[in-house]
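> My questions concern the predicted model and sequence given below.
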Amino acid sequence: MWTTLEQIFPYAIVFTIPLLITALGALFSERSGVVNIGLDGLMIVGSFMGAFVASRLQEQYPNDAWVLWVGLLAAMAAGMLFSLLHAFASINLSANQIISGTAINLIAGALTIFLARNMTGSGNIRISTFAPFEVPLLSSIPIIGDLFFTRTYAVTWFVLLILVISTIALYKTPFGMRLRACGEHPHAAEAAGVRVQSMRYVGVMISGAFSGLGGAAILMTYSGEFNGNVSGLGFLALASLIFGQWRPLGVLAATFFFGFASTVANVSQVIPSLAVIPPVVLKVFPYVVTLIALVIFSKSSNAPKAVGEPFDSGKR
Amino acid sequence: MNMIKSLAAVLLGLAAGALLMALTGHNPAEGYKFLFEGGLKNPERIGNTLATATPLILTGLSVAFAFRTGLFNIGAAGQMLFGGFCATAVGHLVDLPRAVLLLLMVLVGFLGGALWALIPGILKARYNVHEVVSTIMMNWIAYWTVFYAIPSYFKGGSETESRQLPANALFHENWLSELFQGSYVNLGFFIAIISVLITGFLINRTTLGYELKAVGFNRHAAEYAGIAVKRSIVMSMFISGGIAGLAGVAQYAGNASSIQIGILPTQGFDGIAVALLGANAPLGVLVSAIFFGLLYSGRGFMNAMTEIPPEIADSIIAIIIYFAATSILIDRLYRKYKSRRAANKKQGG
């Protein structure tokens, strides 16, 4: 049992990271009052941009790791730019945020493949990924070392660093308090001198950048190929946000749950103790648990009060 | 006004598509020529356009119906897949005279989709769980259920496909194919048309439709007026899911004769686009689904005749939806234009 856990743990972490960063981005967006259902599309945009930049640079610098970091940054920038479409529609035009987010998903899915096909014909872009490494010293700590510090990726630590900074920014800085106020009582926030619309722009753009990073993280760790989708992980990130009750640590726990459950389902056939369970049960398990969790949390939902509502300064 | 908005969104989307073709070094005029020829050139291609539109009409109708009753059914894909799966199972397992079997498949397909939407409906009514998230979860549960059920029970020639349905259980009609000179258009199209008519009647002409709409407008007012709100929500999801299930019947036993696993039907999400462009009215849904069907069915021909990737059709549709979602801009421009004209008139007179 222990060796099994030891084997699948690093994969579970690698699978968790893209979900975590995407859900964390969505947390900024929803805390500022804007529902972002376009996460999936923004991840695809990040995946595409990361693949585009990295594949081009790798032609010239085949073995350099910095190339991938440039790709990650490009993916964040692309996600941020693309999220402006959603911000503009939902903040300036008071459009239905769910429809606008759906449009983002559709546009991203179609447009990136269209562009990729113009480049490669098949529409798939292959790159060489980050190499997993072993953290010196820390990896020799018993138990923890095996679980967390062997076969780890640089992206993982980058994302965890962002998580820490985000948590501090949200709860310990004036910026975070203002952002959260815009999602709870935008009119009160405005009366206190906060520019609600600007804050919401910031929230959506952070979400875009983080989703782009999430999409590129999939590409540069375990997938290695852009193929026009991220297997619906954006929607899973959205569910994690609710499951995690709009809190950074809750999101961490929820995404790790998904990451772990998915990994178990993926490897169940090669592990004797798990192979007795029908695979369909393991595959649907995370989704069923989410539904149950939604029911349990429905009584005490911590959803930002004004999330999804367009802000109209003139309205009471 | 709704029609002006939709038309403006379509024109802007087509313009953006042209821009996209030009930017990637293709000739837009040529692209559109082949795209529309591919969907309309001869009776066969027109028939194929209608066939492609069939599941889109039904998923669009499903989403539109939910919208009208205040619900956002983003799970049409899963409902369609599961409804289609149930109908396929009946087609394989039940041996009846053809007419009875087809009717039974329609009924079971409807019930399968309805059941899949019923759960989010109950969760929404009883526990106030937002239907967007729960229907997405149901999508993936349908995806994996079908993924494992097909190879176990209805294994086909390849690993990723179900066994072909027997001819007895298919919606193909020779006279229809002959009428359209070899097209694969089938009885599914009539299921779609009938559904449009029934849904239109239900929404606009019945007490039930009125109650469902009232709940969508204002849940509390409806409750105060004595409408059973919870039951209405469940009922709306049930009907919406059932219509999406019919899309599965039309797709997997009409346009195709087997189910592919490992993919959620794209028509589910396209249904949102169809509903939005059709302003959530049954007739609007019909028209916009046929328009999208045209783009989808013409893109293969365009891809064969030019270097333009077929995804241009998907891109155009997606951009149209963005413009439809932001159509308030058109509203504002129109109002500005009107008020300026009124002001000019005053000055002139």
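That came through, no problem.
> Domain map for chain B?
Here the domain parsing of chain B from automatic domain parsing is B:1-26+B:309-341, B:45-306.
> okay, those, which one's buried deepest?
Of all the domains of chain B, domain B:45-306 has the most neighbours on average by mean count of other C-beta atoms under 10 Å in any protein chain shown, namely a mean of 22. (Glycine included, C-beta is placed from N, CA and C.)
> Straight-line length of it, end to end?
Using C-alpha to C-alpha, to the nearest Å, the end-to-end distance of domain B:45-306 comes to 18 Å.
> The helix or strand where B:A9 lies vs chain A: in contact?
Assigned by DSSP states H and E, B:A9 belongs to helix B:2-23. Yes: contact of helix B:2-23 with chain A (C-beta under 8 Å from any C-beta of the partner chain) involves B:L20.
> So what touches that helix?
Identification of contacts with helix B:2-23 by C-beta atoms under 8 Å, 6 or more residues apart in numbering or on different chains yields A:111, A:114, B:27-28, B:31-32, B:277-279, B:281, B:284, B:288, B:291, B:308, B:312, B:315-317, B:319-321, B:323-324, B:327, B:330-331, B:334.
> can you check stretch A:139-153 too?
Stretch A:139-153 is contacted from outside by A:5-6, A:9-10, A:13-14, A:17, A:130, A:132-135, A:138, A:221, using C-beta under 8 Å, 6+ apart.
> picking that back up, mind checking what helix or strand follows the helix holding B:A9 in sequence?
Where DSSP H and E defines the elements, the next helix or strand beyond helix B:2-23 is helix B:28-40.
> Pull out the buried positions in that next one.
Within helix B:28-40, the residues scored as buried using 16 or more other C-beta atoms under 10 Å in any protein chain shown are B:28, B:31-32, B:34-36, B:38-39.
> ok, now stretch A:122-141?
So, applying 16+ other C-beta under 10 Å, buried residues of stretch A:122-141: A:123, A:125-127, A:129-130, A:139.
> So which of those residues sits lowest on pLDDT?
Within the buried residues of stretch A:122-141, pLDDT reaches its minimum at A:S139, with 76.
> Roughly how far does the residue nearest to that residue when sequence neighbours are not counted sit from chain B?
Leaving aside its sequence neighbours, A:S139 sits nearest to A:F149 (C-beta to C-beta, 6 or more residues apart in numbering or on different chains; 3.9 Å). Distance, A:F149 to chain B, by C-beta to the nearest C-beta, to the nearest Å: 32 Å.
> Which residue ranges of chain A form strands?
Using DSSP state E, the strands assigned to chain A run over residues A:125-126, A:225-226.
> by contact count, what packs against the last one?
Yep, that's strand A:225-226 we're talking about. Applying 3 or more C-beta pairs under 8 Å, 6 or more residues apart in numbering or on different chains; DSSP states H and E, one finds that strand A:225-226 contacts helix A:39-60, strand A:125-126.
> how about these in CSV, adding distance to B:A214?
Converted to CSV, the helices and strands packed on strand A:225-226 look like this (distance: least, C-beta to C-beta, whole Å):
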stretch, distance to B:A214
helix A:39-60, 33
strand A:125-126, 51
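> For these, give me TSV that also has distance to chain B.
TSV is the format used below for the helices and strands packed on strand A:225-226 (distance: least, C-beta to the nearest C-beta, whole Å):
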stretch	distance to chain B
helix A:39-60	9
strand A:125-126	14
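> between these, which gets nearest to B:N48?
Of all those, helix A:39-60 sits nearest to B:N48, with 29.1 Å by C-beta to C-beta.
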